[in-house]
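Asker: Got a predicted model here, sequence first, then my questions.
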Amino acid sequence: MTSQLLSCLRRGRRSMLVSCALAAAGPAGAQDPAVSPAGSAPGPAPVPDARWLEEQVGSWYRGASRRAPGEWGIAIADENGAILWGLNADRPLVPASTVKVFTTGFARSVLGGSARRPTRVVGAGAVEPASGEWAGSWGLELNGDPSLERGPGEGPTLYELALQLASGGVRQLTGPLHVQSTEGPADAVYPEVWSRRHQGRLFAPPVGPLTLHENVVWVTVEPGRKSGIRPLLVDASPDGILSLVTVRATTRAGRRSRLSLQPRADGGWTLVGTIGTRARTRRITAVMRDPKSVLNVAWARALQRAGIQWDATQPGATPLGAAPRVLAEVSSPPLDSLASEINRRSLNYGAELLLQWAGGRERGAERLAAHVREVTGGAGEGLRLVDGSGLSYDDRVAPATFVSYLATFPAMPAGRNFPQLLAANGSGTLHRLSSGFPGEGVVRAKTGTLGHVASVVGYLGRPDGVLIVALIYNGRRVLAARQAQWRLFRLLGADGVIIPSDSVPDALEPVLGGEEADVEADSA
């Protein structure tokens, strides 16, 4: 069966998917008004597992609804999208980060899985041979690469750009840093459609072309040698930001620590609080409020390491003009690699950058919704998408829409190996779903979490075919609902089949916090 599933997923042929799927049979004995009838899509004759599915899922739901009362939307379907068990399957609910499934497919459809995002040094002029001074205008072109300056070996860096300049003979730069983008203003802003209560939190940094180090910073702090003195900053990222940090914290006796980075008006931070003399080294993180200030010091440090002197106090040359020359360039990993990591870690800012990359900064959400309707053949009554990450409380998606999309998109040219771009059980945001399965990869899914939302959508491999599962809970018992959702996946996948992988690159390992770091919203 594994080889048959592999063939289905690799070729994306709907006829083969039907042949290895479960029958379209509705939930017997669950025909109250709140429960959707069986899917009407044509499919093969019922198989014995249909009754088992009704008994198991029906029993599970009765327990789940007691432990987590609220609005539940459930759609369990075969690979053809025919619903086998449904509850409020057509009711639009707040989906949270499961929206990233759509954003991934949209970006792949528009750009292709091998697309890359460039970051450049551009200029107009020439190098003075004797001094190595760049005579002319220059600047940085940032285009919203989610992986820029993420860490050594994890994405392109400003230092790589500086080394390319040095290899071209540049030894001196003058003038303030000019930053531009190929797609409008080179800035990063907090999206208006996100709740203001999330502003300043790690899962909700500013979004835009001016992006580096995920638009967050961290410093590593160790206690001073004795009580009453200031602690020491021993490391920081991105490189160079220590010049933006002022220490006002104090070392005190004991093991406890209470430290934070307080933002300043100049774009820097003040480290405040206390750290115990016997406390372990602590890493403190903060969101950039002014990414341009961080970019300035990070670029200065990169130039210094590359042996290039930069005098930013001197007047700059004339503006770059319409078509400056590329002096140095680095590129992101392929889109598939970026999307895989964004889904595994549920990176909100990364999903928004993918949406801007594929759909533009002004009408991205509108084009995303149109893409979903096109893929699902017009399905999705009540569909509303205002962002690409699902962090907005204004998004609305029905479980049946997710099922239709996940059944249809892998059969399209842009959907090849689409399940492999979602986290596997035991990894990423599914790391708590590590037991109860024959192995990692029985489940490929995306989670969503907000203050009143727990959702999971994705694929589950079984000997009799791959199930498509969409579970959305809107209510106050989020943790109880999530635990119930995991129980259903373990129930359905106890004798599961690993969904085969193919050529999608492994996602990079997490660097900063994510969904599990805060129940309020997805970030990983």
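Answerer: Okay, I see it. Numbering: from 1, shown residues only.
Asker: Spatially nearest residue to Gln172 (excluding sequence neighbours)?
Answerer: In this structure, Gln172 finds its nearest non-sequential neighbour in Glu133, 4.0 Å apart by Cβ to Cβ, 6 or more residues apart in numbering. Every C-beta, even on glycine, is put in place using the N, C-alpha and C of the backbone.
Asker: I figured the one you found hits Gly169, correct?
Answerer: No: using Cβ atoms under 8 Å, Glu133 is not in contact with Gly169; the gap is 9.9 Å.
Asker: and for these two, which residues touch both?
Answerer: Between them, Glu133 and Gly169 share the neighbouring residues Val127, with contact defined by Cβ atoms under 8 Å, 6 or more residues apart in numbering.
Asker: helices or strands up against the lengthiest helix in the chain?
Answerer: Longest helix in the chain, counting residues (DSSP state H): helix 49-67. In terms of contacts (3 or more Cβ pairs under 8 Å, 6 or more residues apart in numbering; DSSP states H and E), helix 49-67 is packed against strand 71-77, strand 83-87, helix 478-493.
Asker: before we move on, the earlier item: Glu54 versus the residue nearest to Gln172, what's the distance?
Answerer: In this view, Glu133 and Glu54 are 77 Å apart by Cβ to Cβ, to the nearest Å.
Asker: And for Ile74?
Answerer: On the measure of Cβ to Cβ, Ile74 and Glu54 end up 13 Å apart.
Asker: More neighbours: those two, which one.
Answerer: Per other Cβ atoms under 10 Å, whichever of Ile74 and Glu54 has more neighbours is Ile74, with 26 against 18.
Asker: Who does that one form a beta bridge with?
Answerer: Bridge pairing for Ile74 (DSSP bridges) gives the partners Leu87, Leu471.
Asker: separation between it and Leu303?
Answerer: 56 Å.
Asker: and if you look at Ala445?
Answerer: Applying Cβ to Cβ to Ala445 and Leu303 gives a distance of 44 Å.
Asker: quick one, which of these two is more surrounded?
Answerer: Ala445 (29 against 23).
Asker: ok, how many other residues are close to the closest residue to Ser131 other than its chain neighbours?
Answerer: Closest residue to Ser131 apart from its sequence neighbours, by Cβ to Cβ, 6+ apart: Gln172 at 6.3 Å. Residues near Gln172, counting by other Cβ under 10 Å, number 16.
Asker: again with Ala306
Answerer: 19.
Asker: wait, what's in contact with it?
Answerer: So Ala306 contacts 159, 162-163, 165-166 (Cβ under 8 Å, 6+ apart).
Asker: so which of those residues comes closest to Ile499?
Answerer: Tyr159 (38.8 Å; Cβ to Cβ).
Asker: looking at this, the closest one is in a helix?
Answerer: Yes: looking at Tyr159 with DSSP: H, G, I helix; E, B strand; the rest coil, it is inside a helix.
Asker: from memory it sits against Ile308, does it?
Answerer: No: judged on Cβ under 8 Å, Tyr159 makes no contact with Ile308 at a distance of 10.8 Å.
Asker: And for Gly451, the neighbour number?
Answerer: Residues near Gly451, counting by other Cβ under 10 Å, number 16.
Asker: Over to the one 5 residues further on?
Answerer: The criterion is other Cβ under 10 Å. On that basis, Val456 has 27 neighbouring residues.
Asker: quick thing: my sequence starts at 44, can you match it?
Answerer: Fine by me, first position is 44 from now on; the one you just mentioned is Val499.
Asker: Any figure for the gap between it and Gln528?
Answerer: Counting by Cβ to Cβ, the gap from Val499 to Gln528 is 5 Å.
Asker: list the residues that contact both of those two?
Answerer: Common neighbours of Val499 and Gln528, using Cβ under 8 Å, 6+ apart, are Leu514.
Asker: Identify the residues contacting the residue located most distally from the centre of the chain.
Answerer: Distance from the centre of the chain peaks at Ala173, with 47.5 Å (Cα atoms, centre = their mean). Ala173 sits next to no residue when contact means Cβ under 8 Å, 6+ apart.
Asker: which SS state does it fall under?
Answerer: coil.
Asker: Report the beta-bridge partners for Ser300.
Answerer: Note on Ser300: beta-bridge partners by DSSP bridges are Ile318.
Asker: Same check on Val369?
Answerer: Val165.
Asker: so it makes contact with Trp181?
Answerer: No: with contact defined as Cβ under 8 Å, Val369 does not reach Trp181; the gap is 11.1 Å.
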